[in-house]
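Q: How does the following fold in three dimensions:
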Amino acid sequence: LFWRRFDNQKQVGSCVGLVPQPYDSGTTRIDQGISKQGNRRVRSLLIEMAWMWLRYQPDSKLAIWFAQKTNSQAPNKRGRRVAIVAVARRLAIALWRYIEHGVVPEGAQFKEVKSSS
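A: Numbering: from 1, shown residues only. Reported below is the predicted structural model:
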């Protein structure tokens, strides 16, 4: 994903197809779900990474946002699936910011690597 050069976060989300697909007809403006126009493999990998992020980075801003979003609603599987797509999009953007600008995702914890020598 990050072999390309992106100018902003909207381009990152669009590249993987995790942005809302707008429907605009007259006065009606709604979202039709995610666009799915990006790389299918990268999109599925980002969804898996988002679940792993929630598991291994529970104190991060993304994980806290997901918990608040899914706990405020009635517990249902559809709400969690919709929210995890948003986490995947935000995670892709956070990783892009880390790679491009060195900005660590808020609340992320690094694990120390023990040298074998």
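Q: Please make it C-alpha for all contacts and neighbour counts, starting now.
A: Fine.
Q: ranges for the strands of the protein?
A: For the chain, strands defined by DSSP state E occupy the ranges 20-25, 28-34.
Q: so who does Val12 touch?
A: Going by CA atoms under 8 Å, 6 or more residues apart in numbering, Val12 touches Phe6, Ala92, Ile93, Trp96.
Q: Ok, Ser116 next?
A: Neighbours of Ser116 in contact, by CA under 8 Å, 6+ apart: none.
Q: what's the farthest-apart pair in the contacts of Val12?
A: Phe6 and Ala92 (11.8 Å; CA to CA).
Q: And those two? Which one has more around it.
A: Neighbours per residue (other CA atoms under 10 Å) separate Phe6 from Ala92, with Ala92 holding more: 24 against 13.
Q: Tell me how far Ser14 lies from Gln68.
A: Distance, Ser14 to Gln68, by CA to CA, to the nearest Å: 25 Å.
Q: meant to ask about Val82
A: According to CA to CA, Val82 and Gln68 sit 14 Å apart.
Q: Run through the residues that contact Pro105.
A: Applying CA under 8 Å, 6+ apart, the residues near Pro105 are Ser60, Lys61, Ala94, Leu95, Tyr98.
Q: Hmm, the second one is touching Ala94, no?
A: No - applying CA atoms under 8 Å as the test, Lys61 and Ala94 come out as separate, 10.8 Å apart.
Q: okay, these two: which has more neighbours?
A: Set Lys61 next to Ala94 and count neighbours by other CA under 10 Å: Ala94 wins out with 18 against 14.
Q: So for the longest helix along the chain, what gets flagged as buried?
A: Longest helix in the chain by number of residues (criterion: DSSP state H): helix 77-101. Buried residues in helix 77-101, counted by 16 or more other CA atoms under 10 Å: 80, 83-97.
Q: so where's this protein uncertain?
A: Within the chain, the set of residues satisfying pLDDT under 70 comprises 1-4, 15, 17-24, 29-38, 72-75, 117.
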